[in-house]
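Engineer: the sequence isn't on hand, but the structure is:
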């Protein structure tokens, strides 16, 4: 899983709008310069590294002041977060 994560995240990938969230979202690249100064909730998201059996996934989410690794498990129906670890804090 860690090797898959590292291979997938050795370069940047263009993020596509495939998420459905209650309040919606916009990419930083879509913001006007004056909107960027007021932006809240900005974060980066890594690609997911999967275990060989594809029932575990590792992802990193980074905010301006801290970052986390999150481990998810697929129980056959849904993905559930198992544990998370802080990767850095500013």
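Structural biologist: Happy to help now that I have it. It should be emphasised that the depicted structure is a prediction, and the values quoted were computed from it without experimental measurement.

Engineer: now do the strands in the protein.
Structural biologist: Using DSSP state E, the strands found in the chain span residues 44-45, 49-50, 56-62, 66-74, 79-89.

Engineer: and the most centrally placed residue in the chain, what does it touch?
Structural biologist: Nearest to the geometric centre of the chain sits residue 45, at 2.7 Å (C-alpha atoms, centre = their mean). Counting by C-beta atoms under 8 Å, 6 or more residues apart in numbering, residue 45 touches 15, 59-62. All C-beta spots, glycine's among them, are computed from the backbone N, C-alpha and C.

Engineer: the same query, at a cut-off of 7 Å, please.
Structural biologist: 59, 61 (C-beta atoms under 7 Å, 6 or more residues apart in numbering).

Engineer: who does it bridge with?
Structural biologist: residue 61 (DSSP bridges).

Engineer: please apply the same query to the one 5 residues further on.
Structural biologist: On the basis of DSSP bridges, residue 50 takes part in beta bridges with residue 57.

Engineer: pLDDT wise, what is it at?
Structural biologist: The model reports residue 50 with a pLDDT of 97.

Engineer: with residue 28 instead?
Structural biologist: 81.

Engineer: so it is in contact with residue 44, correct?
Structural biologist: No - the criterion here is C-beta atoms under 7 Å, and residue 28 misses it with residue 44 at 9.4 Å.

Engineer: quick one: buried residues of the one helix or strand in the chain whose mean pLDDT sits lowest?
Structural biologist: When the helices and strands of the chain are compared on mean pLDDT, DSSP states H and E, helix 33-38 comes out lowest with a mean of 79. By neighbour count on 16 or more other C-beta atoms under 10 Å, the buried set for helix 33-38 is empty.
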